[in-house]
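Undergrad: Need a 3D model of the following:
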Amino acid sequence: MDLEKSPEPARGEGCLVVAIRVPVRIVVLVLVVPVRMVWDALVVAGRFLNDSVFRPLGRALLWAGRAVFVWPFVGLWRHVLVPSGRALGWLGKVLLVLPAVAFHRHVLTPLGHAAVWVYARVLTPLGRACATAGTAVWAGLAWLGRHLVVLPSAWVYRWILTPLGHAGAWCGKGLLWAVTVLVTGIGAGLYWTARVLLVLPALAVRRRVLVPAGRLLGVVAREVGAAFGHAWRVAGYLSPAVGRFLGTLLRWTLAEPARWAYRRVLTPVGHVVRDTVLRPAAEAGRRVGRATRQALASARLTAGQARADIRRMLVGAPRTPRPDKGRGGARARDPREASGRRDLLTKG
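TA: Predicted coordinates for the structure are as follows:
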């Protein structure tokens, strides 16, 4: 690191720069290391939250957004708007396009042909005759305008306006030269006055005060910036080391004892509880359930036989029904046979 190097002045640097650099780097390092450690902790927490919370939440919100907004509109577009648009297009074609095509073909096209004939046979000869007459009239008006307006105007411009303009221009040049000389003299006086009273003192202040102060502030600012960069890099080395130390400390103080207790204490105790308590209890429960189901099946069979015997004593034996051809030839079953089958199914 740069702090371990000897504080000898580098090429082009003076003792003042080195004297500023070392204390500034020490102070900035003390201030920046906690900030860098907090920053690294926030980065790790942000990555954990991004991987475990924000990304699954974003996927769930994306699926919900599709289910709420996209899929209904897709179904509406596919099953409602597209068939409606096709139906409207067919109606527009039948009600608008085909009548318009027929109107253009059978009405507008003959009218256009008639208009072309009228233009070629009537309007064109009439227009040519009017153009010939207009050309003759324009030639006469142009000859009159040349001799009545253009030639007199040119004579007045050449022999009257041009000499007057030359005289006015000469007078204006003389006046402009006089004003220029006067303004130049006044400007030179003001320039030298301002230079002596303002510019030269300002240059002296800039050269003797502001430039050295600016150089000193530049050196300080440069060294402070370099110190911040150096401290940030050093903190980048220290922060992972501190993080690894804390992780190792938590591992050996919490994780490893918890793992040892789970493996050496809780797991054997759980196996003993499972083998001595839970499994016998579950087996006893299954036996009780089987015995209960068998007792209930026997009770149901006994009750069914008792009802059948009582019905046979009071009413008599049931008649043997004829096979019903309307329902696929199926015959009625004997209650004894049905009860026997239920007994077999229950025992099975």
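
Undergrad: Look up how far Leu175 lies from Val82.
TA: 84 Å (Cβ to Cβ, to the nearest Å). (Glycine included, C-beta is placed from N, CA and C.)

Undergrad: from the middle of its chain, how far away would stretch 259-270 be?
TA: 51 Å (Cα atoms, centre = their mean, to the nearest Å).

Undergrad: Also stretch 303-313?
TA: Worked out by Cα atoms, centre = their mean, stretch 303-313 lies 80 Å from the chain centre.

Undergrad: quick one: average confidence on that stretch?
TA: In this model, stretch 303-313 has a mean pLDDT of 80.

Undergrad: Tell me which residues of it come out buried.
TA: Across stretch 303-313, burial judged by 16 or more other Cβ atoms under 10 Å covers 304, 308.

Undergrad: do stretch 159-168 as well
TA: Taking 16+ other Cβ under 10 Å as the criterion, stretch 159-168 shows none as buried.

Undergrad: and if you look at stretch 40-58?
TA: Asp40.

Undergrad: what comes into contact with it?
TA: 239-240, 243 (Cβ atoms under 8 Å, 6 or more residues apart in numbering).

Undergrad: Now for those residues, which sits with the most neighbours around it?
TA: Ser239 (20 neighbours; other Cβ atoms under 10 Å).

Undergrad: what's the helix or strand for it?
TA: Taking DSSP states H and E as the criterion, Ser239 maps to helix 211-250.

Undergrad: And that helix, what does it pack against?
TA: Applying 3 or more Cβ pairs under 8 Å, 6 or more residues apart in numbering; DSSP states H and E, one finds that helix 211-250 contacts helix 15-49.

Undergrad: now Val44: how far from Pro240?
TA: 10 Å.

Undergrad: any idea of the mean pLDDT in stretch 54-74?
TA: 90.

Undergrad: Buried residues, it. List them.
TA: Going by 16+ other Cβ under 10 Å, stretch 54-74 has no buried residues at all.

Undergrad: Stretch 24-40 now?
TA: 24-25, 28-29, 32-33, 36-37, 40.

Undergrad: coming back round to it: now the angle from the helix holding Ser239 to helix 15-49?
TA: With axes from the mean of the first three to the mean of the last three Cα atoms, to 10 degrees defining the directions, helix 211-250 sits at 40 degrees from helix 15-49.

Undergrad: Can you name the element that comes right after helix 211-250?
TA: helix 256-261.

Undergrad: Which SSE is immediately downstream of that next one?
TA: Following helix 256-261 toward the C-terminus (DSSP H and E): helix 267-273.

Undergrad: Check which element follows that next one along the chain.
TA: helix 279-314.

Undergrad: which other helices and strands contact that following helix?
TA: The contact analysis (3+ Cβ pairs under 8 Å, 6+ apart) places helix 279-314 against helix 335-347.

Undergrad: The helix it packs on - what's its average pLDDT?
TA: For helix 335-347, the mean per-residue pLDDT is 49.

Undergrad: And stretch 41-49, by the same measure?
TA: Mean predicted confidence for stretch 41-49 is 88.

Undergrad: just how off-centre is that stretch within its chain?
TA: On Cα atoms, centre = their mean, the centre of stretch 41-49 falls 23 Å from the chain's centre.

Undergrad: Convert the C-alpha atoms of that stretch to PDB, please.
TA: Presented in PDB, the C-alpha positions along stretch 41-49 are these (Å, rounded to 0.1, in the frame of the first residue of the first chain):
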ATOM      1  CA  ALA A  41     -22.700  -5.000   3.900                       C
ATOM      2  CA  LEU A  42     -25.500  -3.200   2.000                       C
ATOM      3  CA  VAL A  43     -24.300  -4.700  -1.300                       C
ATOM      4  CA  VAL A  44     -24.400  -8.200   0.200                       C
ATOM      5  CA  ALA A  45     -27.900  -7.600   1.700                       C
ATOM      6  CA  GLY A  46     -29.100  -6.100  -1.600                       C
ATOM      7  CA  ARG A  47     -27.900  -9.100  -3.500                       C
ATOM      8  CA  PHE A  48     -29.600 -11.500  -1.000                       C
ATOM      9  CA  LEU A  49     -32.900  -9.600  -1.200                       C
END
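
Undergrad: Next, the buried residues of stretch 186-206.
TA: So, applying 16+ other Cβ under 10 Å, stretch 186-206 has no buried residues.

Undergrad: Start at 724, not 1
TA: Taking 724 as the first residue, the last one we looked at is stretch 909-929.

Undergrad: got the end-to-end distance for it?
TA: 29 Å (Cα to Cα, to the nearest Å).
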